[in-house]
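> Provided below are the primary sequence and the corresponding predicted coordinates.
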Amino acid sequence: MKKDSLPIVQTENISRRYGGLMAVSELSFEVYAGEILGLIGPNGAGKSTTFNLISGFVKPSSGKLYLNGKDVTGRTAAQISRMGLVRTFQHGSLMKSLSVQDNILIGAIGALPAGQRKARQERVRESLQMLELEPYLNEIAGNLPHGIQRLVSIAIAFAAHPQLLCLDEPLTGLNQTEAANTLNLLRRIRDLHQCAILMVEHNMKAVMQICERIVVLHHGQMLAQGTPAEIRSNKSVIAAYLGAKHAN
Amino acid sequence: MDKRNGFLSVLAIVLITLVTLRLGNGYTANLITWMAIAALVASSLRFVTLIGELNFATAAFVGLGAYAAGLTVTVLEWPFFIALAMSGLIAAIFGFMFGYVTLKTKGPYFLLIGFAFTEVVRLIYTKLNILGGNSGMVGIFPPDYLGSSFTALAIAIVGIAVMVLYAIERSHLGKCFIGIRDNDQVVLSVGINVHLTKVLCLTIAAFAAGIAGGLTAFVNNVISPGDFSFLLSTFALAYLKVGGEDHPVGPIAGAVLLVLLSSLSLSFGGQDHIFYGLAIVLTVLLMPKGVIGVLGKVCRSVRTRRQERRA
């Protein structure tokens, strides 16, 4: 993490209102190059909306979004992705009727313009290797076990050449071994490619284990941010998760 | 397209073209031409199913192609090949505009808009005197120098068009189309402009449908608004469902089968619609993957048995 440098993503008092409900309110945080940041909070805290806001899938009601210091508020999801912020989805982040190879190719197509056929194939090969998916190269993605499907969805995003990889609950439905393997692969992606990772995850053990910094949301607002140790001992966080009597 | 499939496809087109050349201008040659044009219309419809949409505006694009060819030849008196190119081009231009506006909708909404577009365009033909109004346009003849080889040329053009559609389907662009059908959010999330990609798919399909329309005009010599109603899209859907939509050969097989059935129905006093209806019902009930699906299943089981025997 290089806090002295320009953040990859910076939100400035970003808010999103759905009718009478303020899903995200005045949220400001940064993600720096090479860091793994966790975004946690109880159900309905605004994590998914925050993900949608920074990836351009939802336009903010107010506030600003910066990518590498450039104001990208209101840009489309495709534009933001081409600028280096690529996300996965909580439910189904792949194309079920395509082979694993073709799924990852879609990611490479997004990153590399037409005419770069060889570069795209090279990117696919690199992603397959990075996520250890070579044995499943020609398998139809929809026929694969859930754990492998999760890796394919990360591989698609990785093939799109992200500076910041936003993962929406990448460990959901995985057993302990699969979760540990996925965490190792995420660390490898970060270490080898200096790619920052922002993850929403309910598996607290995994979040505490892999994230260098954590942002906690509650009722659409930032409740706390800090290192895993700071968050673990933060009374407001404990109260939000377990109730006020556990915080004392 | 892999080399083996490509070679077999070219071989099939050359063979059919040569057979048609031998047949000259007879009824059988005309029947084969009708099958080929129907196959191209159904292939155009299938092409848009790659992005997960059912394009009922296909009939409108066939009509636009036919009228573009008719106008180019009878009013502007331009050469045949330019007229044919115009039929594809005009349909593609309308396809782009139609797609740009309507492809923000999906599923039944897009289907209904396509249906309405087809009927509106058909009504416009009836109101425009330059297009012959209700009576349509007459005297759309292929050039004399083509003579009896026109039928063979039409089949060759259809063959090339179907092969180009298949080649696009197998290309990176084709993978994007299928990706959009499966999960458009993921395609968007990696930086691909989903809307424009869908519009491109529809434009290509409209070009193919326009070429089919141009050929229809030259084969029939006469076109009228009634030829391009929503029924044409329904027939194309029937070809697709009967043949099987999972493989590019499906619409060709469906068109061959149903156009043949329709021709046979003439000896029972017409009523080809009954054959179409019956074929769709039987296909849906007995062969949900169409004729090609059944053939594929048979081939696979034969291959498995052979492997078992060898083992």
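That came through fine.
> how about the contacts made by the residue of chain A found nearest chain B?
Per C-beta to the nearest C-beta, residue A:110 is where chain A lies closest to chain B, at 3.2 Å. To be clear about C-beta, it is placed using only N, CA and C from the backbone, and glycine gets the same treatment. Residues in contact with residue A:110 (C-beta atoms under 8 Å, 6 or more residues apart in numbering or on different chains) are A:78, A:81, A:82, A:86, A:159, A:160, B:187, B:190, B:191, B:192.
> model confidence for the third one, exactly?
So the one you mean is residue A:82. Looking at residue A:82, its pLDDT reads 93.
> tally of neighbours for it?
As a burial measure, residue A:82 scores 20 neighbours (other C-beta atoms under 10 Å in any protein chain shown).
> in this structure it contacts residue B:189, no?
No: between residue A:82 and residue B:189 there is no contact under C-beta atoms under 8 Å: 11.0 Å.
> which stretches of the stretch 201-311 of chain B have low pLDDT?
B:269-270, B:272 (pLDDT under 70).
> next up, phi/psi of the closest residue to chain A within it, please.
Nearest residue of the stretch 201-311 of chain B to chain A (C-beta to the nearest C-beta) works out as residue B:246 at 9.8 Å. Backbone torsions of residue B:246, given as degrees, to the nearest 10, read phi -80, psi -20.
> show me what contacts it?
B:289, B:290, B:292, B:293.
> and stretch B:254-263, which residues are buried?
B:254, B:255, B:256, B:257, B:258, B:259, B:261, B:262, B:263 (16 or more other C-beta atoms under 10 Å in any protein chain shown).
> could you list which of the residues you listed also contact chain A?
Contacts with chain A within these, counted by C-beta under 8 Å from any C-beta of the partner chain: none were found.
> in helices only, show me those.
B:254, B:255, B:256, B:257, B:258, B:259, B:261, B:262, B:263 (DSSP state H).
> could you find the closest non-adjacent residue to the fourth one?
The shortest distance from residue B:257 to any residue that is not its chain neighbour, by C-beta to C-beta, 6 or more residues apart in numbering or on different chains, is 6.0 Å, and that residue is residue B:242.
> roughly how far does the one you found sit from residue B:303?
Distance from residue B:242 to residue B:303, counting by C-beta to C-beta, to the nearest Å: 25 Å.
> before we move on, what about residue B:103?
40 Å.
> what about those two, which has more around it?
residue B:103 (22 against 10).
> can you report phi and psi for whatever residue of the stretch 51-200 of chain B ends up closest to chain A?
Closest to chain A within the stretch 51-200 of chain B is residue B:190: 3.2 Å, counting by C-beta to the nearest C-beta. When quoted as degrees, to the nearest 10, the phi and psi of residue B:190 stand at phi -100, psi 10.
> picking that back up, in CSV: the contacts of residue A:110, plus distance to residue B:126.
Output for the contacts of residue A:110, formatted as CSV (distance: C-beta to C-beta, whole Å):
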residue, distance to residue B:126
A:78, 42
A:81, 47
A:82, 47
A:86, 51
A:159, 52
A:160, 50
B:187, 41
B:190, 46
B:191, 46
B:192, 41
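> tell me the two of the residues you listed that are most distant?
Greatest spacing in the contacts of residue A:110, by C-beta to C-beta: A:78 and A:159 (15.4 Å).
> okay, the two: which has more neighbours?
residue A:159 (29 against 21).
> phi, psi for the closest residue to the more buried one other than its chain neighbours please.
Using C-beta to C-beta, 6+ apart and skipping residues adjacent in sequence, the residue nearest residue A:159 is residue A:107, 3.1 Å away. Per-residue torsions, residue A:107: phi -60, psi -40 (degrees, to the nearest 10).
> count the neighbours of residue A:107 for me.
Counted with other C-beta under 10 Å, residue A:107 comes out at 33.
> what of residue B:300?
10.
> which residue is the nearest non-sequential neighbour of residue 202?
Just so you know, I chose chain A. residue A:169 (6.5 Å).
> nope, chain B please
The nearest residue in space to residue B:202 (C-beta to C-beta, 6+ apart) is residue B:99, at 3.6 Å.
> ok, residue A:50 next?
residue A:24 (5.6 Å).
> what strand or helix carries that neighbour?
Element membership for residue A:24 (DSSP states H and E) is strand A:21-31.
> what's that strand in contact with?
Here strand A:21-31 has contacts from A:7-17, A:37, A:46, A:49-50, A:53, A:63, A:164, A:196, A:198, A:215, A:217, A:219-222, A:225, using C-beta under 8 Å, 6+ apart.
> I'd like the next helix or strand past it.
Immediately after strand A:21-31, counting by DSSP H and E, sits strand A:36-40.
> centre of the chain to that next one, how far?
Computed by C-alpha atoms, centre = their mean, to the nearest Å, the chain-centroid distance of strand A:36-40 equals 8 Å.
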